[in-house]
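Participant: below are the sequence and a predicted model; questions follow.
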Amino acid sequence: MSEFASEWIDHDMIFTSFRAWRERLGRYRLEGSKCAGCGEIWFPRRHGVCPKCHSRDLAPYQCPHTGEVIEFIIKDNPFTDLSGTQYHGRGKRVIAIIRLDDGLHVAADLEDCSPADVHPGMRVKLSTRKWMRESNSNWQYGYKFTPAR
Ligand SMILES: [Zn+2]
């Protein structure tokens, strides 16, 4: 933090706003793509060609917004990880592998729960939260998960 900003700003990784804009539907709503050729579902969405059957017929696919925790780790250092997702807030960060209700697996942060309460099989739902700063310093928002109550 500084005298100019009330929130922590760091620029150890740079992400362009152009790419963030193109991928917004996946980040906000978990929109992936489905191949008409082989029926495979992809998240994040694929552009152009299906990696499995090489079909060019890919359509948007809405992933379910609920699922269950398969495995998780608790991370307590505040630095950016390889996905570019930064740590915001106080306390420990819980990163989980979540199996969505259609069988897709997504790695995401869990929010609004104590690390001690997280367990495999826990039901979770989609929640859009702050992710990181973009190259123009705007906040980028994206998917995280919270306990489904
Ligand atoms: Zn395919």
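Facilitator: Nice, I can see it.
Participant: drop to CA atoms for contacts and neighbour counts, all remaining ones
Facilitator: Noted.
Participant: tell me where the protein has helices.
Facilitator: Taking DSSP state H to define them, one finds helices in the chain at 17-22, 24-29.
Participant: please identify the most buried of these.
Facilitator: Across the helices of the chain, averaging neighbours per residue (mean count of other Cα atoms under 10 Å) puts helix 24-29 on top, at a mean of 18.
Participant: gap between that helix and the chain center?
Facilitator: 9 Å (Cα atoms, centre = their mean, to the nearest Å).
Participant: what packs against that helix?
Facilitator: strand 139-147 (3 or more Cα pairs under 8 Å, 6 or more residues apart in numbering; DSSP states H and E).
Participant: who in the protein is up against the ion?
Facilitator: 35, 37-38, 50, 53 (Cα under 5 Å from the ion).
Participant: which among these count as buried?
Facilitator: 35, 50 (16 or more other Cα atoms under 10 Å).
Participant: which members of the residues of the chain next to the ion occur in strands, if any?
Facilitator: Cys35 (DSSP state E).
Participant: so how far is Lys75 from Arg29?
Facilitator: Counting by Cα to Cα, to the nearest Å, the separation of Arg29 from Lys75 is 25 Å.
Participant: check Ser135 too.
Facilitator: 25 Å.
Participant: what's the least confident helix or strand in this structure, going by average pLDDT?
Facilitator: helix 17-22 (a mean of 82; mean pLDDT, DSSP states H and E).
Participant: hmm, back to that, could I get the helices of the chain as CSV with distance to Thr146?
Facilitator: Output for those, formatted as CSV (distance: least, Cα to Cα, whole Å):
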stretch, distance to Thr146
helix 17-22, 23
helix 24-29, 14
